[in-house]
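[1] sequence and predicted structure are below.
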Amino acid sequence: MSDRPSRLTFEAVEKSVLATLTPASRRYWAAVGLLGLGVLVGAGCWAYQIAVGVGVAGMNNPVAWGTYLINFVFWVGIAHSGTLISAILHLMRASWRNPIARAAETMTVFAVCVAGLFPFIHLGRAWMVYYMLPVPNQRHLWQNFQSPLMFDVVAISTYLAVSSLFWYTGMLPDLAIVRDHSKGAKKRIFTFLSLGWTGAHEQWRHYTRAYLFFAALATPLVISVHSVVSWDFALGVVPGWHTTIFAPYFVAGAIHSGLAMVLTLMIPLRKIFRYERIITIEVLENVAKTIIFTGLIVAFAYGTEFFMAWYSQNPVEMEVFRYRLTGDYAPGFWIMVMCNTVAPLVFFVKSARRSTRVLFTVSILVNIGMWFERFVIIITSVSRDFIPHAWGRYAPTWVEFGIMLGSFCLFFFLFIVFVKHMPSVSMTEMKEMLQEGGGHD
Amino acid sequence: MTDARTVLGVFPDEKSAVSAVWALKKTPWTVKTVYSPVPSPEMAAALPVRPSRVGYFTLVGGILGFFLGFALAAYTSLQWKLIVGGKPVVALVPFFIVGFEFTILFAVIGNVAGLIHQMKLPDYKALKNRDPRCTGRHFGVAAVCPGADVDKLTEFLQQKGAETRMMP
């Protein structure tokens, strides 16, 4: 007897997705509570830092950029593959991305929200954030728009606004479906949120056009945002940072980490919500194949950095890279190499790509590796600057660990609250895929 | 038509709805609107659909955004004519980056504004005049006829495979 599931239908898609919006179990609320507790721990640590001063973090001369900016770059990177999946693959008409597009977009929005907190935290005096905003002020001072840090303010704000609007616009037809299957207060909420969507051909005419423009605009944006993040480093004359390879290197790394996070989120989601017929193993396999590609680009970038340091014969540059390889933070470097470039090679084996356990394990390893990549880039360069007697070391304090824990809990908290209360799979895009005959058999 | 009436036919699939629209075009009655759970190229081909004008809003937003971003960077820089990093006070390359980000931001804002304007959202009144099944899997065809033809139009749609009802 064949164990192949019967072909998906519009009703089956709706039934599967709407079933996830039923009242949650106690275990779900326990998980929400636990993550909420983690958020409170992070918030408490931040409050402590505000009360006592940023000196409670481990940052000092010469390492003035610590885990806060590592986490900032990490979360911005995580955000990127959501846009890759929702926008770039949409433009390429890769319909396999439809089942995971909504969750990936959601990941993008929440990851950018979490990333956006870290510059505030890093500031120490968070209430002085308006120094970064171009508002008329009595000091008659304005921002320096030649600085990559100001590029970053503009780019990240734009990215948050664009990805949020893209996400909400993409949800409109699905919100209408939930509205039409609800009663009482839930119906009123979804009626309000769906803005009166009826599916009239006039609406589709404008909607499909606008969605295409969204995708076309989000594509250069996503590339520019992580390029701008890389220029925070590359435009500084710090050994290990001042290199032209940084923009493509960061963009590839961002997509690498984001795809890994997609797997980390999708595999439990698929299991818990019984989405096996929608998020098929072929979809996960395609993500794994893309991870092989981005992993190889990242490996090439790692190699190129070392080659450029050696080829320049610049003693400072060579020392920084020797230090990465064998110095105080060498374990971080080797974790980075093994997790980001070696572990994904297992996906060359088809059976590994089709095993959710292997996929999940490798995705966690890549997440860890990509966090360490940012650690290695930031810390090793500034701790071994030009003048040997100014060298120093850095270690995060419990406050930084607490805030980092809080950031991860906040991200997962927002995500699980979303997936239980909003359609976590785009029913409309799934139907489009089925309509075009591209559905899963 | 002063006594015009609208009949909504709800079809179980796209094929029969598209076929009904093509058939309606050969009658004196007119198709008022069509409801579908997904965008349908076949339906778009059967209807007199003009290209959406959302793109104009997007374009205007993008152009405004670029000049706004560049002007903001240039204006603020000119308030204190300080040479930074050996670059001119109005430095083209870095300010182009600010202009680029503003281009995307305002193009998207224009896109959303265009969408809201063209689709006339929010439009909660429209919810009264449709069949909720049409966000699920059914396709709805609303056709207009003189009051005297209501029965004929209803029968016509039913013969094409629709469930029918009068629309207000």
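    Structure's in. What do you need? Numbers count the residues shown, from 1 in each chain, chains lettered A, B, ... in the order given.

[2] for the most centrally placed residue in chain B, give its distance to chain A.
    By C-alpha atoms, centre = their mean, chain B has its centre lying nearest to B:Met119, at 5.1 Å. In this view, B:Met119 and chain A are 5 Å apart by C-beta to the nearest C-beta, to the nearest Å. The C-beta positions use only the backbone N, C-alpha and C, and glycine is treated the same way.

[3] any low-confidence regions in chain B?
    B:1-2 (pLDDT under 70).

[4] all helices for it, in order.
    Shown for chain B, the helices assigned by DSSP state H span residues B:14-24, B:41-46, B:54-79, B:92-119, B:150-159.

[5] most packed of the ones you listed?
    The highest mean neighbour count among these, using mean count of other C-beta atoms under 10 Å in any protein chain shown, belongs to helix B:92-119: a mean of 22.

[6] next, the angle from that one to helix B:54-79.
    Put simply, helix B:92-119 runs at 150 degrees to helix B:54-79, going by axes from the mean of the first three to the mean of the last three C-alpha atoms, to 10 degrees.

[7] neighbours of A:Pro134, how many?
    Per other C-beta atoms under 10 Å in any protein chain shown, the neighbour tally for A:Pro134 reads 17.

[8] secondary structure element for it, which one?
    Assessed by DSSP states H and E, A:Pro134 sits outside every helix and strand.

[9] keeping just the C-alphas, turn the helix or strand harbouring A:Ile403 into CSV.
    Here A:Ile403 sits within helix A:398-421, counting by DSSP H and E. Taking Å, rounded to 0.1, in the frame of the first residue of the first chain, the C-alpha atoms of helix A:398-421 are listed here in CSV:
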residue,chain,number,x,y,z
TRP,A,398,26.4,38.0,33.7
VAL,A,399,24.5,41.1,32.7
GLU,A,400,25.4,40.6,29.1
PHE,A,401,24.5,36.9,29.3
GLY,A,402,21.2,37.8,30.9
ILE,A,403,20.3,40.3,28.2
MET,A,404,21.3,37.8,25.5
LEU,A,405,19.1,35.1,27.1
GLY,A,406,16.3,37.7,27.2
SER,A,407,16.7,38.4,23.5
PHE,A,408,16.5,34.8,22.5
CYS,A,409,13.5,34.3,24.8
LEU,A,410,11.8,37.4,23.4
PHE,A,411,12.2,36.2,19.8
PHE,A,412,10.8,32.8,20.5
PHE,A,413,8.1,34.3,22.7
LEU,A,414,6.9,36.5,19.9
PHE,A,415,7.1,33.7,17.4
ILE,A,416,5.1,31.2,19.4
VAL,A,417,2.5,33.8,20.3
PHE,A,418,2.1,34.6,16.6
VAL,A,419,1.9,31.1,15.3
LYS,A,420,-0.9,30.2,17.7
HIS,A,421,-3.0,33.3,17.0
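
[10] what's the average pLDDT for that helix?
    Here helix A:398-421 scores 97 as its mean pLDDT.

[11] next, the buried residues of that helix.
    Buried residues in helix A:398-421, counted by 16 or more other C-beta atoms under 10 Å in any protein chain shown: A:399-400, A:402-404, A:406-420.

[12] not counting its neighbours along the chain, what's nearest the most centrally placed residue in chain A?
    With distances taken as C-alpha atoms, centre = their mean, chain A has A:Ile78 as the residue nearest its mean C-alpha position (1.8 Å). Spatially, and ignoring its direct neighbours in sequence, A:Ile78 is nearest to A:Ala111 (4.2 Å; C-beta to C-beta, 6 or more residues apart in numbering or on different chains).

[13] quick one, helices of the stretch 51-200 of chain A?
    Using DSSP state H, counting those that start in this stretch, the helices of the stretch 51-200 of chain A run over A:67-83, A:89-91, A:98-123, A:148-180, A:184-193.

[14] now render the helices of chain B as TSV, adding distance to A:Trp46.
    Below are the helices of chain B laid out as TSV (distance: least, C-beta to C-beta, whole Å):
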stretch	distance to A:Trp46
helix B:14-24	53
helix B:41-46	51
helix B:54-79	30
helix B:92-119	28
helix B:150-159	63
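
[15] still on that earlier bit, could you check how far the residue nearest to the centre of chain B is from B:Met43?
    17 Å (C-beta to C-beta, to the nearest Å).

[16] could you do B:Gly136 as well?
    On the measure of C-beta to C-beta, B:Gly136 and B:Met43 end up 16 Å apart.

[17] can you spell out the domain ranges of chain B, please?
    B:4-50+B:130-167, B:54-119 (automatic domain parsing).

[18] can you redo these as a markdown table with distance to A:Arg27?
    Below are the domains of chain B laid out as a markdown table (distance: least, C-beta to C-beta, whole Å):
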| stretch | distance to A:Arg27 |
| --- | --- |
| domain B:4-50+B:130-167 | 31 |
| domain B:54-119 | 38 |
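
[19] excluding chain neighbours, what is closest to the residue in the stretch 251-400 of chain A that chain B sits nearest to?
    Per C-beta to the nearest C-beta, A:Val251 is where the stretch 251-400 of chain A lies closest to chain B, at 15.2 Å. Excluding its sequence neighbours, the residue lying closest to A:Val251 (C-beta to C-beta, 6+ apart) is A:His226, at 4.7 Å.
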